[in-house]
Structures are given as structure tokens and as C-alpha cells.
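Asks: sequence first, predicted coordinates after that:
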Amino acid sequence: MRERFLQFADDIACAVGSAWAFFAGLACVIAWAITGPIYAFSDTWQLIINTGTTIVTFLMVFLIQATQTRDSKAIQLKLDELLRAVTKARTGLIGLEHLPEAEIQELEKQFAEVKRKVVRRAGKAQSRVETN
């Protein structure tokens with residue numbers, strides 16, 4: 001059942017992310033707005049759009065979360081494979097998303113220092129090129 005749900009979520013996410021879905025939603029809103037004078041902009045008329053959008057939003061949250069969770073897992077696995085395959089990469093970074101927050105912050109500091117060094121070296125290399 002889980003696989004069917006994930007496939008359904010992917011299919012729906014692709015469908016509602018398309019241009020035709022946007023224009024279908026726009027057409028519904030336009031049709032609703034046009035009927036406003038017919039129903040004297042009544043509370044029931046307003047309730048229709050509020051209820052419809054609430055239901056759609058509520059259901060879409062779960063579908064989007066399912067597809068994004070799956071995409072995130074796939075990206076993490078791909079990155080883990082790249083770390084494993086590159087000989088100079090630190091394989092200790094595989095599964096980084098499962099580390100405690102303090103360890104992640106420490107790694108951020110380390111990478112910030114690496115970045116500063118790279119930028120400094122690039123600046124020196126650029127200045128050498130400009131002087132030659």
C-alpha cells in the first residue's frame with residue numbers, strides 16, 4: 001500500500017504542478033467570482049470557496065510532504081554515494097543528516113574556514129594573473 005501511495009503522491013504532485021492545473025484552478029476561481037452577483041455574495045457563496053481551498057490545501061500538504069521526503073532521501077543517497085566514490089572526500093560525512101546538531105554546527109565552522117582559505121588563495125591567484 002505504501003508504494004501505491006508514493007506513486008499516487010508523485011503522480012498528483014506532477015499533475016498539480018502543471019500549467020493546466022493552474023489554469024483549471026484559475027477557471028474555478030473565476031467561475032466562483034462570476035457567480036458572486038448571482039448569489040448576492042452570500043455567506044454560502046463565500047463558504048464554498050473557503051471550504052474548497054481548505055480541503056485542497058489540507059490534502060496537498062500531505063502529498064507534497066510525501067514527495068519531498070522521498071526526494072530528500074534519494075538526494076542524500078546520491079550524495080552519500082558520491083562521497084564514497086571520491087577518494088579525497090571525507091566518508092565520515094555520509095549520513096550527516098543524522099548527526100546531532102552540535103556536530104553539524106562544528107562541521108559548518110570547519111567548512112567556513114576551508115571556504116575562507118579557498119577564497120584567500122583564489123584572491124592571491126587572481127592578483128598574480130592581473131600583475132602579469
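Replies: That came in fine, so what should we check first? Residues are numbered from 1 along each chain as shown.

Asks: domain map for the chain?
Replies: Listed by automatic domain parsing, the domain ranges of the chain are 2-93, 99-132.

Asks: can you say which of these is packed in most?
Replies: domain 2-93 (a mean of 12; mean count of other Cβ atoms under 10 Å). To be clear about C-beta, it is placed using only N, CA and C from the backbone, and glycine gets the same treatment.

Asks: pull the distance from that domain to the chain's centre.
Replies: 10 Å (Cα atoms, centre = their mean, to the nearest Å).

Asks: re the thing from before, in a markdown table: the domains of the chain, plus mean pLDDT.
Replies: What follows is the domains of the chain, written out as a markdown table (pLDDT from 0 to 100):
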| stretch | mean pLDDT |
| --- | --- |
| domain 2-93 | 91 |
| domain 99-132 | 83 |
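
Asks: look at residue 14 and give its secondary structure.
Replies: Following DSSP: H, G, I helix; E, B strand; the rest coil, the label given to residue 14 is helix.

Asks: roughly how far does it sit from residue 61?
Replies: Per Cβ to Cβ, to the nearest Å, residue 14 is found 17 Å from residue 61.

Asks: what does residue 72 give?
Replies: Counting by Cβ to Cβ, the gap from residue 72 to residue 61 is 16 Å.

Asks: likewise residue 94?
Replies: 31 Å.

Asks: which elements pack onto the helix ranked longest in the chain?
Replies: Counting by DSSP state H, the longest helix found in the chain is helix 43-85. Here helix 43-85 touches helix 2-16, helix 19-34, going by 3 or more Cβ pairs under 8 Å, 6 or more residues apart in numbering; DSSP states H and E.

Asks: switch to 7 Å and redo it
Replies: helix 2-16 (3 or more Cβ pairs under 7 Å, 6 or more residues apart in numbering; DSSP states H and E).

Asks: brilliant, that's me finished.
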